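Asks: give me a model of this one.
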Amino acid sequence: MAKALIVEYENCTGCGLCVMICPFVHTNEFNPAKSRIRLVRIPTEGIIIPNVCYQCASPAPCEEACPVDAIRMGPEWQ
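Replies: Reported below is the predicted structural model:
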């Protein structure tokens, strides 16, 4: 079974911590332009959806950065 991240968009507050930690892990700089994660905002619905990349060997940093558990590793990672 493929490894997957579970995105609970209902929990996302749009804080952007996942967007900031991603480039720091990969390029050692806090530069959201280099992030592999984007926040898709649907203001008319009041929804923010983290769009994650699935490219990392271990997505633990973005999971750990999220204060509301909107991004978490699926059971295949464990």
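Asks: so in this structure, which helix runs the longest?
Replies: Taking DSSP state H as the criterion, the chain has its longest helix at helix 17-27.
Asks: from the chain's centroid, how far away is that one?
Replies: Centre-to-centre, helix 17-27 and its host chain are 9 Å apart (C-alpha atoms, centre = their mean, to the nearest Å).
Asks: residue 16 and residue 35 touch, don't they?
Replies: No: taking contacts as C-beta atoms under 8 Å, residue 16 lies outside contact range of residue 35: 9.1 Å. Heads up, the C-betas are built off the backbone N, CA and C, glycines and all.
Asks: between those two, which is the more surrounded one?
Replies: Neighbour count, other C-beta atoms under 10 Å: between residue 16 and residue 35, residue 35 has more, with 22 against 15.
Asks: how close does that one sit to residue 17?
Replies: Look at residue 35 and residue 17: by C-beta to C-beta, to the nearest Å, they are 11 Å apart.
Asks: residues in contact with residue 17?
Replies: Contacts for residue 17 (C-beta atoms under 8 Å, 6 or more residues apart in numbering) come out as 65-67.
Asks: tell me how far it lies from residue 76.
Replies: 24 Å.
Asks: residue 56 now?
Replies: Relative to residue 76, residue 56 is positioned 14 Å away (C-beta to C-beta).
Asks: if you count surrounding residues, which of these two has more?
Replies: More crowded of residue 56 and residue 76, by other C-beta under 10 Å: residue 56, with 16 against 9.
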